[in-house]
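[1] sharing a model prediction with you, sequence too.
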Amino acid sequence: MEKKGVDTERRRFLGWISAAAAAVLAAFAGLVGVGFLYPIKRRKPRPLFVCLKSEVPKNQPLEIKDTRGRKVLLMLKTGGELMAIGTVCSHLGCTVFYRPKKKIFECPCHSGVFDQEGNPVSGPPQEPLHRYPVMVKQGKVFIQFA
């Protein structure tokens, strides 16, 4: 007789444990589901210091690398404003080359041409080259790469 009471208690205990485990699993699945419906807003990374403004040449771009290792040109525009422009063609991703005498970017893949601001002038590219926001604080140049 005593054995039957122990078995009943054990079954009841295992039932409670199973129900609790199922509840925890359901709650976790619910949280994951809500996470897909309401994704966490990611903050942009802070701008990165790249150089001093005095280190940027007047008639030649300064070559730097973005956070993915791609070449970016930091240029001093006519009015003294700085511009950071990516060298990946917006058409097929080839590397464009800056021609300082002509003040244009040329893409060797399909003869695409971009003006000094990175806007498409001729050839197949329809989109401009990627530009990165540049900030100057106390003579230090920071670029927002993301």
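    Looks like it arrived, so ask away. Numbers count the residues shown, from 1 in each chain.
[2] from here on, contacts and neighbour counts on C-alpha atoms
    OK.
[3] how far away is residue 136 from residue 77?
    As defined by Cα to Cα, to the nearest Å, residue 136 lies at a distance of 14 Å from residue 77.
[4] and residue 136, what are its bridge partners?
    residue 141 (DSSP bridges).
[5] what is the burial count for it?
    15 (other Cα atoms under 10 Å).
[6] again with residue 118
    With other Cα under 10 Å as criterion, residue 118 counts 21.
[7] give the contact list for the closest residue to it other than its chain neighbours.
    Counting by Cα to Cα, 6 or more residues apart in numbering, residue 118 lies nearest to residue 129, which is 4.9 Å off, once chain neighbours are set aside. By Cα atoms under 8 Å, 6 or more residues apart in numbering, the residues touching residue 129 are 85-90, 114, 118-120.
[8] buried ones among those?
    85-90, 114, 118-120 (16 or more other Cα atoms under 10 Å).
[9] can you list those residues in TSV and add distance to residue 36, pLDDT and secondary structure?
    Listed next are the buried ones among the contacts of residue 129 as TSV, based on distance: Cα to Cα, whole Å; pLDDT from 0 to 100; DSSP: H, G, I helix; E, B strand; the rest coil:
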residue	distance to residue 36	pLDDT	secondary structure
85	34	95	strand
86	33	93	strand
87	35	92	coil
88	32	91	strand
89	34	91	coil
90	31	89	coil
114	40	95	strand
118	37	92	coil
119	37	94	coil
120	38	94	strand
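[10] check the offset of stretch 72-91 from the chain's centre.
    Stretch 72-91 has its C-alpha centroid displaced from the chain centroid by 18 Å (Cα atoms, centre = their mean, to the nearest Å).
[11] any idea how far apart the tips of that stretch sit?
    Stretch 72-91: ends 17 Å apart by Cα to Cα.
[12] quick one: buried residues of it?
    Those would be 72-76, 82-91, for stretch 72-91 by 16+ other Cα under 10 Å.
[13] how about residues contacting that stretch?
    56-66, 70-71, 94-97, 107, 118, 124-134, 143.
[14] ok, now stretch 118-125?
    So stretch 118-125 is contacted by 85, 89-91, 104-105, 110-115, 126-131 (Cα under 8 Å, 6+ apart).
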